[in-house]
Each structure stands twice: as C-alpha cells, then as structure tokens.
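Chemist: Turn this into a structure:
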Amino acid sequence: MVLCGGVGAARLLTGLVDVVDRAELTAIVNVGDDMELHGLHISPDLDTVVYTVSGQVSRERGWGLEGETWQAMDMIRRYGGADWFSLGDRDLGTHLFRTDRLSQGRALHEVTGDIARAWGLDFTILPVTDDRLRTMVTVAGEGEITFQEYFVRRAHSVPVSAVRFDGAERTRPAPGVLEALSSADRIVVAPSNPAVSIDPLLAVPGVADELRRRRDVVVGVSPIVGGKALKGPADRLLVELGREASALGVAQWYQEIVGTLVVDRVDEALCPAIENLGIRAVATETIMAEPGVTRALARRVIAPDR
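Modeler: Got it, this is the predicted structure:
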C-alpha cells in the first residue's frame, strides 16, 4: 500500500507494479491539490498516477499526456479566460468525464476506478477521501491562496509561512482506505512533498492514527536528495516551515508515522542522526532516472531488510 502525492509517487508505482502482486497493491492518493476550473473537477495527483503508470504521461513535462494538443486552451486564451492552468485537449476529456459522473451522484473513488480501468490498470487507486479537501497556503504579501495558485500561477516562487487543509475535519476516508492501511503488509510513504502531498492525506480523520498504530511496517522514501528536491519546492517549503532541507528534516517531519526511512546514498552520513530519532535508516539509490533503478527501489521499500 502506497501513500501518494504526484510525480515521485507515480514513478515509484511504475516499479511497484512490476515487483508485487497487483491485486494486493493499493495507491491512496492526495486530493488536496484538486480544484474547480472552467466548471470542471480537476484531480492532478490522481491523473498523474493514472497517466504515469499506464505509460502515457508526457515525458517532457512529467504531467499530462504524451502527444497532447492545446486547441481548447488557445480558444480560452482568445476569449480572455483563465489560462494560467494548462489543460491539454485529451486531458480535458478526463476532466469532462469525471465532472459529469460526479454530477450524476457518483463518488470520486468510483469515478477514479472507472478511469483507472479504462487505462488498463489492474491495481487499486483510491482518493484519500471522496469529500472536499483543499490545500491552502499562506504566502508573503497575499495571505492565503489555493495550492494550485501557489504552485502553478506563482510558479511556487513566493515564500510560504503556513499550510492549511480546508475542510479536513469534515472529511471521511474514502471506502477502502482505512481497510488498506490496517491490512497491508507494508505501507510505503512515497517520495512526495511532506507538507503539501503527504500531510493532506494525514489530515483526513483516522489516517494518521492508523499510521501511528502500524508505524513498524511504514517505510518512507525521502524526496530530498543531497539537500535538494528533485522536483518542485519541497526543499524550500521544509525550510520555510521551520525544518531543514535534508533527509534528516524529512525524518523529523515523519517521526511519528514512519518506522523506516529510505534515503539516497549521497545522504548516508545522515543515517546515524535519523536513527537517533528512533527511525531505521536505509541508504540506496533513489533517483528514478532509469526503470532498473525504479524497480530496485520498489523492491527495497517492500523489503528494506534485504
């Protein structure tokens, strides 16, 4: 079972589907990044997971679909509409389908299952909740804005002083989420941004409690390598929110929920400090630039003692 944000989690899943029984694999995905735009319900992390594991994600961008066209966005731009969040023509079809099914009363986890099956995926992908959950960030000079306004519209270039998960206290885990957490032989916290990709999952009532209860089988993968995020603002966010940008900072963030942390070999010197926190540290290659590395990392997180 894997707790997922976006790109890093999706890449790790491409390895896991090759090394574990897919019938026993469940991905629980962040929906704090979800948004409503052009009247559509957009679920970026869910779609990134589906597109990546199905082999259809844009290799250049790391999100959206390969071979995409942008005629709909060109028309929106012509009319003076909101064009700061790019949606390709094929990708729009996904959002149209999702929005239509939700308007008919279907739950987000049901629609996600339909989408995953349409792409031929034979493992379980669940939103952490079917309810409305939105990540909000407080940025310098503006106050609180949505995650996508911070991440895309401001290109995550403005300092953040706080992160909040709007609606979290009113959410319930989607059907199957707590069951997967309670029964999994191994729970993996994917290499995703702790503050805005993993913490929204933990904000849903019951999720963090289950992880704390099963901490001994929880294995995290640090998204920080050599003090830097491989993609996105995780390193800056850690510092802005009072932690150091390092694998040790990630360990401190996850101290209550993770029993083992996998770090990159370049951070092996940090392993003793991580273990002083009561977390087992395992150093291996974590930069998933090649399929062989991705599969090897997947095997290691499933069986970190090997």
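Chemist: what does the average pLDDT come to for the strand or helix carrying Thr294?
Modeler: Per DSSP states H and E, Thr294 falls inside helix 291-302. Averaged across helix 291-302, pLDDT comes to 94.
Chemist: Show me how far that helix is from its chain's centre.
Modeler: Distance, stretch centre to chain centre, for helix 291-302: 18 Å (CA atoms, centre = their mean, to the nearest Å).
Chemist: remind me which residues of the stretch 201-306 of the chain are low pLDDT?
Modeler: Counting by pLDDT under 70, the ranges of the stretch 201-306 of the chain that qualify are 306.
Chemist: who's in contact with stretch 85-101?
Modeler: Applying CB atoms under 8 Å, 6 or more residues apart in numbering, the contact partners of stretch 85-101 are 35, 37-43, 47, 64-65, 67-73, 108, 110-111, 114-115, 148, 152-153. All C-beta spots, glycine's among them, are computed from the backbone N, C-alpha and C.
Chemist: What residues of that stretch count as buried?
Modeler: Taking 16 or more other CB atoms under 10 Å as the basis for neighbour counts, the residues of stretch 85-101 that come out buried are 85, 87-88, 91-92, 94-95, 98-99, 101.
Chemist: returning to what we had before: among the contacts of stretch 85-101, which ones are in helices?
Modeler: 47, 71-73, 108, 110-111, 114-115, 148 (DSSP state H).
Chemist: Now compare the residues you listed and name the two farthest from each other.
Modeler: Gln71 and Glu110 (30.4 Å; CB to CB).
Chemist: who's more crowded, these two?
Modeler: Counted by other CB atoms under 10 Å, Gln71 and Glu110 do not tie: Glu110 has more neighbours, with 15 against 10.
Chemist: List the contacts of that one.
Modeler: Contacts of Glu110 by CB under 8 Å, 6+ apart are Arg101.
Chemist: What distance do you get for it to Ile187?
Modeler: Distance, Glu110 to Ile187, using CB to CB, to the nearest Å: 24 Å.
Chemist: repeat for Val31
Modeler: In terms of CB to CB, Val31 sits 19 Å off from Ile187.
Chemist: can you give me the strands in the stretch 101-250 of the chain?
Modeler: Taking DSSP state E, counting those that start in this stretch as the criterion, the stretch 101-250 of the chain carries its strands at 124-127, 134-139, 143-146, 160-166, 187-189, 218-221, 224-225, 228-229.
Chemist: and those, which is most packed in?
Modeler: With neighbours taken as mean count of other CB atoms under 10 Å, the strands of the stretch 101-250 of the chain reach their highest mean count in strand 187-189, at a mean of 28.
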